[in-house]
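> Build me a structure from this.
(chains A and B)
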Amino acid sequence: MRLRALMALALVVLMAACGRGSEPASGPSEAVGQIQTITITAWAGGNPQTERGRISMLEKAAERLNAQLEREGAKVRVRVEGVLDASGDLARKFVLAAQAGQAPDIINSGHEDIAAWAQAGFIVPLDEYLSKYLNSTGLKDVIPNLWEAMKFRGSTWAVPQDTEARPLYFSKLLLRRLGWSEAEIAALPERIRNGQFTLYDMLRTAKEAQDRGVVQTGYGYWTRPVFGDNYWGGDFYQFYASFGGSLWEPASGRLTVDREALRKFFQFHYDAIFGYRVTARSVIGGTEWKQWHETVSRGDQVLFWNGGVWQWAEWAQCCLGGDEKGLWENVGFALIPAGEPGRSPTTLSHPLAYMVTSEKASGRRNQELAFRLIALATDPDLNSEYAIQSKHLAILRTQLDHPVYTRDRFLSATSYMVEHAFFLPNNPDYGRFDSTLGRVLMALAAGQLNVDQAVQRAIADLQSAVPGLIVR
Amino acid sequence: MASNARSRLVNATSRRRGLVGHHLAILMCSPALALVTSFLVVPAILTIRTSMTDMSLATLGSVRWVGLENYRRLLEQPELPRIALNTLAFAGVNLIVFNIVLPLVVIALSAAWEECLGRFLRPVWLLPRVTPSVVYSLLWIWLTAPAPHGTLNQLLTPLANGQSSWLLSHPWPVVITADGLIGTSFATVLFAAAIKAIPKEVLQAAQIDGASYWQAFRHIVLPFLRWPIMFVAAYQGLSLLASFELILLLTNGGPGLWQTEVWSLYGYHQAFSYYAGGLQMGYGAAISSLLVGFGALASLAILRLFRFPQLTAEPKLGAI
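Numbers count the residues shown, from 1 in each chain, chains lettered A, B, ... in the order given. Modelled structure (predicted):
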């Protein structure tokens, strides 16, 4: 009896093992006649109203890839099964799925994830595929410096999907109330671009607006909000860069911190909150995104604020009935001003990228097909449609002249910002670097630390958290 | 001779009964033991094992044994005393004020309620317990947000310039109150049920003997509540030591430097907080392992405080 039970159990285990072994390594597929259809899975994060294109570009590219495969006489076709995740927690979901061997074939995420995922073996290097397909696809037109953000330890691990700038927005409405002429308002972006209007000029203007009752106290200048989130946002590094700070050493790839730039970075935020009192204390640490959008988007409450180009589309959708007209009337945009005379204005570009997952992460061997899909999704017409819908900047040189792209007034007006952009580092310790520095800035904003204490604390904590950090 | 034989027979019978009773006890406890082993003992052993490795996102697939290195690194962190103190303050204040004292006060006051009012208020009182954590914390975020969004500041604006975020200016009072009210509703229901079980004759006899309301509460009701109070102290105390979801949702341990960071949240942040590859599972497991050890000691202390062996002793009447 016991023997029979054991045999039955062994049979069940054997069947289960055979069942798993018989699943094709390419994943779910259907065979009709001689043609096999392979499902390529893709995950992307984003706003469903404006950034659905991150998945739909792949779906449209699948049609083009199938046409190519047919011409080649291949016996396979692809279909895309995409998920657009709006939770803001896609990277963590991906890591857990990859650990379980259940990751999708394609993941779309920020380029700063490349280092950690490459090191963990979750994504594959693309150099071999690039040499094979670069010249026959839209990839050859990718703006060259974007490839730099896709590299880690000498290899290219991703394909740019979008890029951006993070401007300083200003209220034309409130500047008019402050007595600025239309010509002065129109000239402000150029003055900032030439370094004639610095961050401290901005604080002084905001203070004047407060003193004259144009804006409420604490509404002169708003940073990006931070609310109980470990991710405090790359926006803040723009101010560090505006004072000459750099985040990594290009030759070695090691993370760096410049003591003097860090001091000026903290001093600027301290002055904004406690000196000029133009930034409400609650913006860093106590304001939700929803409240922040509602406050800044109409341009009638806050004089200066910094956000991203993609938020132009979000504000039109969330708060202005889908119409950009109100934004054009009341809101202007410029680079992040230089920190002090003699320095350069700047902006952060944070390209999102398509990455191809490894067999270890996905349990499948669809890497080449996944890459070909990504390459075709990079065609200028598809990416331009996405760029317009989401207000992201061009990733291809050909897009800059593409009629679909150039028709968009906002994208045309902000394209120059890419020339002044810098990227976050591709370093596996960057996450710890970021959370450590963010925590100290929030302590400064909460009044727990003064500037000197913040500098000392930040450097000590960074040295403890980040092995190999270079302190200048 | 006969009496010796009878005595041996009685002893053998009682030994057999004892053995049967012993086996029966093990059998009866086995489902609970299996659950505790599967969901507490085994995970605790795995966590301790993980804490002695360098497991992180970067080392997945090539995890190395590092012995006590994670513990050494943890004990060197300057923020550790602050986080330990936060944990004790959060769990202690929450337990005493919101899980024991406030429920007793509510019960003492509600004794005078009409039954229909009680029937209405008891479910209302349970709302914090039954509301999903995310929804509950969102309500608190909106309640305490800066003006003009926050309800509290809207109410206070006529009295003062209520612009600030309460979570930024007074993080601990907000966090403890929000979390505590969940515990209060739980303990109130338990205590109310225990009070209902007190024989009315005992209270009536005390009244006839001239006991005041307070004397009756102190000398009759409270002793009857020793069991539920011990249960609440042990169960809620340990839950609070390991609890962090509401803090995560409300302040994420901030604002700034570890202001509301508690031990379990610190472990979560190190092990699972993801941005650009920050997962350090081995280090996070070391933080959690220390908490498991401290939790075990704390539960023993609570059982000792409430004289657990006496509470579970066989009734003396049975020994006669």
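
> Would you mind giving the secondary structure of A:P125?
At A:P125 the chain is in coil, as set by DSSP: H, G, I helix; E, B strand; the rest coil.

> what residues does the stretch 51-200 of chain B put near chain A?
B:57-58, B:60-61, B:77, B:141, B:145-146, B:149, B:163-165, B:167-168 (Cβ under 8 Å from any Cβ of the partner chain). (C-beta placed from N, C-alpha, C; glycine too.)

> Out of these, which end up buried?
B:L57, B:A58, B:L60, B:I141, B:A145, B:P146, B:H149, B:Q163, B:S164, B:S165, B:L167, B:L168 (16 or more other Cβ atoms under 10 Å in any protein chain shown).

> Restricted to helices, list these.
Of these, the ones assigned to helices by DSSP state H are B:I141, B:L167, B:L168.

> List just the nearest of those residues to B:A298.
Proximity of those to B:A298 (Cβ to Cβ) peaks at B:L167, which lies at 28.3 Å.

> isn't the closest one right up against B:L250?
Yes. With contact defined as Cβ atoms under 8 Å, B:L167 reaches B:L250; the gap is 6.1 Å.

> Can you lay out the ones in helices among the buried ones among the residues of the stretch 51-200 of chain B next to chain A as CSV showing distance to A:Y430?
Formatted as CSV, these follow (distance: Cβ to Cβ, whole Å):
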residue, distance to A:Y430
B:I141, 29
B:L167, 28
B:L168, 27
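
> and the residues you listed as CSV, adding pLDDT and distance to B:L40?
Below are those laid out as CSV (pLDDT from 0 to 100; distance: Cβ to Cβ, whole Å):
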residue, pLDDT, distance to B:L40
B:I141, 88, 33
B:L167, 86, 34
B:L168, 84, 38
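
> Tell me which residue in chain B sits closest to chain A.
Closest contact between chain B and chain A, by Cβ to the nearest Cβ, is at B:G277 (2.4 Å).

> what about that residue, which SS state?
Classification of B:G277 by three-state DSSP places it in coil.

> what about the residue lying closest to it once chain neighbours are set aside, which helix or strand?
Distance criterion Cβ to Cβ, 6 or more residues apart in numbering or on different chains; nearest residue to B:G277, sequence neighbours excluded, is A:A116 at 2.4 Å. Element membership for A:A116, per DSSP states H and E: helix A:114-120.

> for chain B, which spans come out with low pLDDT?
B:1-3, B:5-6, B:9-10, B:12-14, B:16-19, B:111-115, B:157-163, B:274, B:315-320 (pLDDT under 70).

> How about the secondary structure of the residue sitting nearest the centre point of it?
Central residue of chain B (Cα atoms, centre = their mean): B:Q236, 1.9 Å from the mean position. Of the three states, B:Q236 takes helix under three-state DSSP.

> per-residue pLDDT, the residue in the stretch 151-300 of chain A that chain B sits nearest to?
Nearest residue of the stretch 151-300 of chain A to chain B: A:G286, at 3.0 Å (Cβ to the nearest Cβ). According to the prediction, A:G286 has pLDDT 75.

> wait, what's in contact with it?
Shown in contact with A:G286 (Cβ atoms under 8 Å, 6 or more residues apart in numbering or on different chains): A:F227, B:A145, B:P146, B:S164, B:S165, B:L167, B:L168, B:P255.

> try A:V78
Taking Cβ under 8 Å, 6+ apart, one finds A:T37, A:I38, A:T39, A:I40, A:A62, A:L65, A:N66, A:L69, A:L369, A:L373 in contact with A:V78.

> could I get the residues you listed as TSV with distance to A:E208?
What follows is these, written out as TSV (distance: Cβ to Cβ, whole Å):
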residue	distance to A:E208
A:T37	65
A:I38	63
A:T39	60
A:I40	56
A:A62	56
A:L65	58
A:N66	61
A:L69	64
A:L369	60
A:L373	54
